[in-house]
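> no sequence for this one, just the structure:
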């Protein structure tokens, strides 16, 4: 009986109830959209970092990460690469020679990280060829070709076929200078890296550093299924026992922090939205109670106890929430599904986003766990919002309430 009375009560003032239901729908939709957009933004940054820069696993000499000195190498690189290439779980693997030095143009100079790469390997590893904006991707076949970032090219005031000089120290701590000609200019989604990373043919850099043909400073591994990450990482430790092996979360702790803290963001964002809804629900239910003082007093006088009055008002609030919550979830899910396919273009902020490694095309995404969290918080909000109006109803004196005009 209480269920029927509560249901009829919320439709006694249909316009007010519809406003509350609409508020719940909009609030849940807004929460889902903000969270999905945020996660889409962060996931885009993570994917760009992993698939265009770090790879899933990197292997270095134990001391290389601290001193960045080219003399700290991994031995027998060719044999190690063959072992990894025969593993069906690995999508791509490449070896790199790395040096730190200066790049000099006719007008200025800048500090850079010099990567000696095997061009065909980096096509599948970080899709470097897809970032070329001017020129070609080492198609000339010349040893002195260099690939530089667009931001660095502007800083050095150079263009295609310009001559630059790289200066660095070899493994014997001798200063080496070598002339290179710009064969390509690239632009990635992270402009801060474009300013410091340059790429040259691996064999030529290895000769300049006076490294042996089988020596490299870094081995990068891209895997097919990230669920296999720990297993492959353990196998790497067995295969290359005297090296330091790190996955992308260890290489870039800030990316790992984003994932770990996103649940906290979920509670904070949802909490703020639902807090605003709380005041709306409390206001509506309190008005409903105050308008029915005489009616509630009459119900109490004929024997309806306070527990049932309390339950009735709680049910009214729950009905409003249960009506609005599924619709809000449906709208939110549809929004995420549609925008997750077509994306949101925020290219007007592309320059600022690129400086932090974010793409200008965002694809909202949200897993089922976050939907469950939002629904749970919404139901908890409804219960808490109904307590105060229900408490006010319990404070009524039946004899006084009946005489209320």
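Good, I have the coordinates. The model shown is predicted, which means the values in this text are computed figures rather than measured ones.

> every contact and neighbour count from this point should use C-alpha atoms.
Will do.

> after the longest strand anywhere in the chain comes which helix or strand?
When the chain is parsed with DSSP state E, its longest strand is strand 90-104. Downstream of strand 90-104, the next assigned helix or strand under DSSP states H and E is strand 109-117.

> and that following strand, what other elements does it pack with?
strand 90-104, strand 197-201, helix 202-209 (3 or more Cα pairs under 8 Å, 6 or more residues apart in numbering; DSSP states H and E).

> could those go into TSV alongside mean pLDDT and mean neighbour count?
Shown next, in TSV, are the helices and strands packed on strand 109-117 (pLDDT from 0 to 100; neighbours: other Cα atoms under 10 Å):
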stretch	mean pLDDT	mean neighbour count
strand 90-104	95	21
strand 197-201	95	21
helix 202-209	94	19
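
> okay if I get the ones you listed as JSON lines plus distance to residue 393?
Shown next, in JSON lines, are the helices and strands packed on strand 109-117 (distance: least, Cα to Cα, whole Å):
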{"stretch": "strand 90-104", "distance to residue 393": "66"}
{"stretch": "strand 197-201", "distance to residue 393": "69"}
{"stretch": "helix 202-209", "distance to residue 393": "80"}
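
> ok, residues contacting the longest strand of the chain?
By Cα atoms under 8 Å, 6 or more residues apart in numbering, the surrounding residues in contact with strand 90-104 are 68-70, 77, 81, 84-85, 109-118, 121-122, 124-125, 156, 164-169, 202, 205-206, 216-224.

> about what we covered before: so which of the helices and strands packed on strand 109-117 is nearest residue 383?
strand 90-104 (50.7 Å; Cα to Cα).

> neighbouring strands for that closest one, and are they parallel or not?
If you go by DSSP bridges, strand 90-104 pairs up with strand 109-117 (antiparallel), strand 163-169 (antiparallel), strand 218-223 (antiparallel).

> the residue sitting nearest the centre point of the chain: which element?
Geometric centre of the chain, nearest residue: residue 42, 1.7 Å, by Cα atoms, centre = their mean. Residue 42 belongs to helix 14-49 when elements are defined using DSSP H and E.

> still on that earlier bit, which strand or helix spans the closest residue in space to the residue nearest to the centre of the chain that isn't next to it in sequence?
Computed as Cα to Cα, 6 or more residues apart in numbering, the closest residue to residue 42 that is not its neighbour in sequence is residue 258, at 7.3 Å. Taking DSSP H and E as the definition, residue 258 sits inside helix 253-291.
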